[in-house]
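Asker: only geometry, no sequence info:
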């Protein structure tokens with residue numbers, strides 16, 4: 001796969017996770033990607049194999065870092081300068097003022113806006129820059145088909161929209177796609193953007209929201225590209241009629257096992273250059289992951305709550321009786337039926353109350369539901385018309401609502 005000057009990929013990671021996550025990406029989502037188009041950014045300069053990670057925070061002035069507890073872990077990493085010791089000593093370090101928050105996570109929010117600047121300076125004038133995390137999986141055939149339909153000279157800031165206190169922002173882990181026009185606006189037309197924002201970041205939660213604030217100040221709003229840009233893993237992604245024929249570009253919170261399964265799925269495709277649709281991912285990967293039932297499992301069924309159910313067996317019967325029910329969940333207290341979407345789900349650890357969560361799937365009914373889905377025709381990507389996407393009408397509620 002040849003990106004040329006069309007696409008630059010940035011990967012945001014941290015010194016406490018890089019040695020674990022980067023090799024997985026190299027063997028899976030990055031396996032067929034020209035690595036000269038990949039830039040690695042972290043919170044400490046280091047090498048992982050032959051790959052140089054750049055310190056994304058090295059341009060932040062001492063006036064921002066000094067006395068800022070968000071940078072306590074950064075200072076410790078600089079003192080150690082040993083990736084192995086950093087992982088063993090600092091991976092579980094908590095923020096000194098917020099004991100429920102990892103110190104590495106609190107530091108992470110300072111990176112996003114600097115990565116946009118640094119990637120332009122390292123590889124200027126590329127058509128597109130996609131900014132992802134170390135647990136993001138990109139389906140490159142979908143992405144390359146998408147950007148061929150977009151104009152890189154326009155100021156485009158695309159992603160899966162989330163909301164924070166009324167602010168729409170592109171969720172970083174889902175992947176953020178930024179055009180040459182928008183990147184040039186932030187880096188060149190408004191030179192020094194990151195430096196102006198650095199003193200304002202402390203006290204904020206999220207670097208992706210800060211990046212959206214910076215673009216908003218330049219009249220560049222986020223363009224909601226969900227469900228193509230997606231924040232779920234293959235296990236937690238909901239499959240439903242509305243997204244059945246939509247192209248899928250990214251997945252997030254992808255475990256090592258998820259990444260290996262996705263790589264195998266891509267390698268087995270007959271038309272490897274074609275975009276992946278939700279329907280194909282379900283038929284050729286997720287369907288085979290789904291059993292009839294699993295204990296200590298949450299399949300996220302949430303369509304209908306059935307009253308007066310006191311056992312998993314009764315919950316299964318309730319699903320059988322409802323002709324719309326595709327899957328069910330009994331969590332020890334209540335029975336929930338999934339009637340409009342199929343989700344594999346994730347493990348639910350047994351808690352002190354001893355209640356076993358049981359998830360079930362009505363596979364014959366799911367197979368019938370799949371057979372009823374419309375046949376997919378021409379693939380439509382978000383904003384290929386320059387104006388709309390399937391989710392472009394969604395807005396963030398005002399903060400006081």
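Answerer: Arrived safely, thanks for sending. No experiment lies behind these values; they were computed from the predicted model shown.

Asker: Please name the residues that touch the closest residue to residue 59 other than its chain neighbours.
Answerer: Nearest non-adjacent residue to residue 59, counting by C-beta to C-beta, 6 or more residues apart in numbering: residue 114, 6.4 Å away. Using the backbone N, CA and C atoms, a C-beta is placed for each residue, glycine as well. By C-beta atoms under 8 Å, 6 or more residues apart in numbering, residue 114 lies in contact with 41, 56, 57, 59, 60, 194.

Asker: Where neighbours are concerned, which of these has the most?
Answerer: Ranked by neighbour count under the definition other C-beta atoms under 10 Å, those are headed by residue 56 with 30 neighbours.

Asker: Give me the phi and psi for that residue.
Answerer: Main-chain torsions, residue 56, degrees, to the nearest 10: phi -70, psi -10.

Asker: so how far is residue 10 from it?
Answerer: Per C-beta to C-beta, to the nearest Å, residue 56 is found 9 Å from residue 10.

Asker: So for the two, which residues contact both of them?
Answerer: 41, 115.

Asker: From residue 33, how far off is the closest residue in space to residue 331 that isn't next to it in sequence?
Answerer: Leaving aside its chain neighbours, residue 331 sits nearest to residue 357 (4.9 Å; criterion: C-beta to C-beta, 6+ apart). Remark: distance between residue 357 and residue 33 (C-beta to C-beta) = 38 Å.

Asker: out of the two, which sits in the busier spot?
Answerer: residue 357 (22 against 17).

Asker: Retrieve the pLDDT associated with that one.
Answerer: pLDDT, residue 357: 94.

Asker: mind checking how far it is from residue 325?
Answerer: Using C-beta to C-beta, residue 357 is found at 17 Å from residue 325.

Asker: likewise residue 183?
Answerer: Distance from residue 183 to residue 325, by C-beta to C-beta: 47 Å.

Asker: now do residue 253
Answerer: Relative to residue 325, and taking C-beta to C-beta, residue 253 is found at 27 Å.

Asker: which of those two has more neighbours?
Answerer: Comparing residue 253 with residue 325 by other C-beta under 10 Å, the one with more neighbours is residue 325, at 21 against 17.

Asker: Give the helix, strand or coil label for the closest residue in space to that one that isn't next to it in sequence.
Answerer: Using C-beta to C-beta, 6+ apart and skipping the chain neighbours, the partner closest in space to residue 325 is residue 319 (4.0 Å). Three-state assignment for residue 319 (DSSP: H, G, I helix; E, B strand; the rest coil): helix.

Asker: who does the helix or strand containing residue 259 touch, helix- and strand-wise?
Answerer: According to DSSP states H and E, residue 259 maps onto helix 256-268. Packing partners of helix 256-268 (3 or more C-beta pairs under 8 Å, 6 or more residues apart in numbering; DSSP states H and E): helix 18-27, strand 137-138.

Asker: So which of the ones you listed is nearest residue 85?
Answerer: Residue 85 lies closest to helix 18-27 among the helices and strands packed on helix 256-268, at 11.6 Å (C-beta to C-beta).

Asker: Run the angle between that closest one and helix 256-268 for me.
Answerer: Orientation check (axes from the mean of the first three to the mean of the last three C-alpha atoms, to 10 degrees): helix 18-27 against helix 256-268 gives 20 degrees.

Asker: outside of helix 18-27, which residues touch it?
Answerer: The contact list for helix 18-27 (C-beta under 8 Å, 6+ apart) reads 11, 13, 40, 42, 46, 48-49, 51, 53, 83-84, 87, 134-135, 256, 259-260, 263.

Asker: Show me those residues that map onto helices.
Answerer: 83, 84, 87, 256, 259, 260, 263 (DSSP state H).

Asker: Filter the residues you listed down to the buried ones, PyMOL style.
Answerer: Buried subset of the ones in helices among the contacts of helix 18-27, written as a PyMOL selection, criterion 16 or more other C-beta atoms under 10 Å:
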select buried, resi 83+87+259+263
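
Asker: Pick out the most distant pair among the ones in helices among the contacts of helix 18-27.
Answerer: 84 and 263 (27.3 Å).

Asker: all strands of the stretch 201-350 of the chain, in order?
Answerer: Under the criterion DSSP state E, counting those that start in this stretch, strands of the stretch 201-350 of the chain are mapped to 222-224, 239-240, 250-251, 293-295, 297-298, 304-306, 327-330, 335-338, 341-342, 346-347.

Asker: Could you pull up the contacting residues of residue 347?
Answerer: 296, 297, 298.

Asker: quick one: which of the residues you listed is nearest residue 6?
Answerer: Residue 6 has its nearest neighbour among the contacts of residue 347 in residue 298, at 40.2 Å by C-beta to C-beta.

Asker: measure the residue nearest to that closest one when sequence neighbours are not counted to residue 290 for me?
Answerer: Distance criterion C-beta to C-beta, 6+ apart; nearest residue to residue 298, sequence neighbours excluded, is residue 348 at 4.3 Å. Distance of residue 348 to residue 290, computed by C-beta to C-beta: 16 Å.

Asker: Which of the three states applies to the residue nearest to residue 133 when sequence neighbours are not counted?
Answerer: Closest residue in space to residue 133, ignoring its immediate chain neighbours: residue 173 at 4.7 Å, by C-beta to C-beta, 6+ apart. Counting by three-state DSSP, the backbone at residue 173 sits in helix.

Asker: Residue 173 and residue 130, how far apart?
Answerer: When distance is defined by C-beta to C-beta, residue 173 is 13 Å away from residue 130.

Asker: more crowded one of those two?
Answerer: residue 130 (26 against 21).
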